[in-house]
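Trainee: would you be able to build a 3D model of this:
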Amino acid sequence: MVAHPGPVGIVIDEDTALVLNGSAAEAIGVGTIALVDPAKDKARPYLVLKGGDKRDLALP
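Mentor: As a prediction, the model looks like this:
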């Protein structure tokens, strides 16, 4: 990801799903979802959602 900073990576644990509706994101299941954007932070995910978490991805 660092070599190609344009893409955003999404890591989804087993038994977990990411539901997107426009800019709204919701994690469903027992695991976590990590969003990785090298333009924001090269060392770690900038957002981690656990099952039941909701977030508007358009917000900073």
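
Trainee: separation between K40 and D15?
Mentor: To D15, K40 is 27 Å away according to Cβ to Cβ, to the nearest Å. For every residue, glycine as well, the C-beta is placed using N, CA and C.

Trainee: show me which of these two is the more surrounded one.
Mentor: Using other Cβ atoms under 10 Å as the criterion, K40 and D15 rank with K40 on top: 14 against 10.

Trainee: what residues does the more buried one make contact with?
Mentor: Y46 (Cβ atoms under 8 Å, 6 or more residues apart in numbering).

Trainee: which helix or strand contains it?
Mentor: Under the assignment given by DSSP states H and E, K40 is not contained in any helix or strand.

Trainee: and it, its phi and psi?
Mentor: Backbone torsions of K40, given as degrees, to the nearest 10, read phi -100, psi -40.

Trainee: name the nearest residue to L57, sequence neighbours excluded.
Mentor: Nearest residue to L57, sequence neighbours excluded (Cβ to Cβ, 6 or more residues apart in numbering): S23, at 4.8 Å.
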